[in-house]
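Engineer: Attaching a predicted model along with its sequence, questions to come.
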Amino acid sequence: MPASVPKRHPPRSTHDEFDGPHQFLPSGRMTVSKENDLPRVQAHLLIQEQDTILGKVNDRLSQCAFDFVAKYQFPIPLEQDKRPVQCPSDREWNEWVFLLKRLATKRRIPARVIYSGQIKQLVTILENSLEMRHAAKHQSRPLKDDRNVLQLISAGLQVAKLLKDAACMQYMDTLYLETERLIQSRKASPARLNPTISGR
């Protein structure tokens, strides 16, 4: 039998596919909306309430990450400008996210310790939760709309689920329901509503 000839793969091209044959969709009568033309969404939570809620999510997720790393004895690199980790608050949430993402991408975390073995999903959910830390720590941030606050709590719940932390999941679920009830009560009392804010 003749020896098999290895398949040759065409060299990768640096050519931009948008420079080749392409098309444009007909614009018809579509007009570009100005920022002040966008639909407006309501924010029923006071800024202090948002800070408190997102601060709770931030702190509870840090505890969740601390417990997970301690349970499976994952290594935490020592850094000259940071203290060794003794408690969850020794690292901010974005630092816990960076550590967990590095452990996942370096295949230090076995798939069996993640819910349904969803290592890739863990990285995505961790990235989604980063906005929550930013919102909780930066006081100059704009007021968030109701859906965004609930989405951030939900992202925290998903992190807890993938890390198989039942207590943290219960905490996030309770916080979600309490926040949702507070928003609904404000909707029922128009006199207490906050001004609407422009959608993003």
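Structural biologist: Sure thing, it's come through. Keep in mind the model is a prediction, meaning the values are calculated, not measured.
Engineer: List the residue ranges of the protein that fall below the pLDDT cut-off.
Structural biologist: Within the chain, the ranges that satisfy pLDDT under 70 run 1-14, 30, 32-33, 35, 132-141, 190-200.
Engineer: all strands for it, in order.
Structural biologist: 40-41, 197-198 (DSSP state E).
Engineer: Relative to Ser154, how far out is the most centrally placed residue in the chain?
Structural biologist: The residue lying closest to the centre of the chain (C-alpha atoms, centre = their mean) is Asn128, at 1.7 Å. Using C-beta to C-beta, to the nearest Å, Asn128 is found at 9 Å from Ser154. C-beta coordinates here come from the backbone N, C-alpha and C atoms, glycine included.
Engineer: Leu54 too?
Structural biologist: Distance from Leu54 to Ser154, counting by C-beta to C-beta: 12 Å.
Engineer: cool, and Leu38?
Structural biologist: Distance from Leu38 to Ser154, counting by C-beta to C-beta: 24 Å.
Engineer: Between those two, which is the more surrounded one?
Structural biologist: A count of neighbours by other C-beta atoms under 10 Å puts Ser154 above the other of Leu38 and Ser154, at 16 against 11.
Engineer: thinking again about what came up before, show me what contacts the residue nearest to the centre of the chain?
Structural biologist: Asn128 makes contacts with Ala155, Gln158, as judged by C-beta atoms under 8 Å, 6 or more residues apart in numbering.
Engineer: try 7 Å this time
Structural biologist: By C-beta atoms under 7 Å, 6 or more residues apart in numbering, the contact set of Asn128 is Ala155.
Engineer: ok, and what's touching the lengthiest helix in the chain?
Structural biologist: Scanning the chain for the helix with the most residues, using DSSP state H, yields helix 47-71. Here helix 47-71 makes contact (C-beta under 7 Å, 6+ apart) with 76, 88-89, 91, 93, 96, 100, 129, 132-133, 135-136, 143-144, 149, 152-153, 156, 159-160, 163, 165, 168, 171, 175, 179.
Engineer: Flag every buried residue along that helix.
Structural biologist: Under the neighbour-count criterion of 16 or more other C-beta atoms under 10 Å, helix 47-71 has 49-51, 53-54, 56-58, 60-66, 68-69 buried.
Engineer: Then stretch 162-174?
Structural biologist: Within stretch 162-174, the residues scored as buried using 16+ other C-beta under 10 Å are Leu162, Leu163, Asp165, Cys168, Met169, Tyr171, Met172.
Engineer: Quick check: Thr179 touching Ile153?
Structural biologist: Yes - Thr179 lies in contact with Ile153 (C-beta atoms under 7 Å); the separation is 6.4 Å.
Engineer: And Lys187, how far from Tyr72?
Structural biologist: 43 Å.
Engineer: That'll do, ta.
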